[in-house]
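Participant: Coordinates for the following, if possible.
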Amino acid sequence: MRYYLRKDVLIVRGDFRAASNGIDGGLADVRSILNISVPRLFSEDASRHISTVSMRNGFLHPYFGLLTALPITNLCIARYDYVTVFVTATVSDRNRTINIIVTIDRPLTDAALLGAMMTVTEAKMQVITARKVPGSALSTDAVVVACEKTDGIPEAFAGPLTETGMRISKAVSHALTEALVRFDNYLLSTWGVTRGWSRGNPAIVKRHRPSFFIYSRYGGDHWN
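Facilitator: Next up is the predicted model:
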């Protein structure tokens, strides 16, 4: 798996078997996964826009694509061993778009991919509840879970009690928590308002690049 940041788009590349509940989603073999930043009042045809961005960047079919109304520089990336999670989060009283992309450097069955999507959703809802994200917001959340088509016996399960599911759950939880902090900072730096998700006194910080976190066991288990 490799990922790149171009203007207004995250591009994740690999030889994947993937599941998506996003635009033109489903179960498919894909080479690219895109998370594309669009204007807040975006009203174009979503499928056509994703196709245009894909061609502009030289990454044609097959792909899965997601859209976010947040600058891609607010992206949070969390790596836990062989699991990598990419999260963008925008929340208002009326709308919520949390995009989560999970890549796994191990093969999974299709059933395990769907189980992993449930694991992602469970971890997401735990963070939403803890952070008191408005429950009345119209959700346009999307998830892509992708596993590398490597040699070996595919894992049959990816629930939160499995080794892979545990890593997914913890990485999603950490990345989403940090993404909400960064969205709060984005609100403060752009419109001068805050939802109180920042730790301590929120500071106005303009984000020029995504934030990367890695799970470390050196000196005790923790996120760096």
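
Participant: can we go C-alpha only for contacts and neighbour counts from here?
Facilitator: OK.

Participant: now the protein, which segments are flagged as low pLDDT?
Facilitator: For the chain, applying pLDDT under 70 flags the ranges 60, 93, 135-138, 188-207.

Participant: Which single helix of it contains the most residues?
Facilitator: helix 163-191 (DSSP state H).

Participant: Next, Arg48: secondary structure please.
Facilitator: helix (DSSP: H, G, I helix; E, B strand; the rest coil).

Participant: next one: Leu114
Facilitator: helix.

Participant: list the contacts for it?
Facilitator: Ala19 (Cα atoms under 8 Å, 6 or more residues apart in numbering).

Participant: re earlier: buried residues, the longest helix of the chain. List them.
Facilitator: 164-189 (16 or more other Cα atoms under 10 Å).

Participant: in which helix or strand would I find Met125?
Facilitator: helix 110-130 (DSSP states H and E).

Participant: could you check the angle helix 163-191 makes with that helix?
Facilitator: 40 degrees (axes from the mean of the first three to the mean of the last three Cα atoms, to 10 degrees).

Participant: Please compute how far helix 110-130 lies from its chain's middle.
Facilitator: 12 Å (Cα atoms, centre = their mean, to the nearest Å).

Participant: mind listing what's buried in it?
Facilitator: Neighbour-count burial for helix 110-130 [16+ other Cα under 10 Å]: 110, 112-124, 127-128.

Participant: same deal with stretch 35-48?
Facilitator: Result for stretch 35-48 [16+ other Cα under 10 Å]: buried residues 35-38, 46.

Participant: Tabulate those residues (JSON lines), appending distance to Leu70.
Facilitator: Formatted as JSON lines, the buried residues of stretch 35-48 follow (distance: Cα to Cα, whole Å):
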{"residue": "Asn35", "distance to Leu70": "10"}
{"residue": "Ile36", "distance to Leu70": "9"}
{"residue": "Ser37", "distance to Leu70": "6"}
{"residue": "Val38", "distance to Leu70": "7"}
{"residue": "Ala46", "distance to Leu70": "16"}
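
Participant: Nearest to Asp8 among the residues you listed?
Facilitator: Distance to Asp8, by Cα to Cα, is smallest for Ser37 among the buried residues of stretch 35-48, at 5.0 Å.

Participant: Could you report the distance from the closest one to Val120?
Facilitator: 22 Å (Cα to Cα, to the nearest Å).

Participant: do the same with Arg182
Facilitator: 20 Å.

Participant: cool, Met1 as well?
Facilitator: From Met1 to Val120 the distance is 19 Å (Cα to Cα).

Participant: same check, this time on Tyr80
Facilitator: 14 Å.

Participant: again with Leu161
Facilitator: 13 Å.

Participant: residue ranges for the strands of the protein, please.
Facilitator: Using DSSP state E, the strands assigned to the chain run over residues 2-6, 9-20, 26-37, 63-68, 76-80, 83-91, 95-104, 138-139, 142-148, 211-216, 222-223.

Participant: Now render these as a markdown table, adding distance to Pro154.
Facilitator: Listed next are those as a markdown table, based on distance: least, Cα to Cα, whole Å:
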| stretch | distance to Pro154 |
| --- | --- |
| strand 2-6 | 21 |
| strand 9-20 | 11 |
| strand 26-37 | 15 |
| strand 63-68 | 22 |
| strand 76-80 | 19 |
| strand 83-91 | 15 |
| strand 95-104 | 11 |
| strand 138-139 | 32 |
| strand 142-148 | 10 |
| strand 211-216 | 24 |
| strand 222-223 | 28 |
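
Participant: Lys132: which of these is closest?
Facilitator: That would be strand 83-91 among these, by Cα to Cα, at 11.2 Å.
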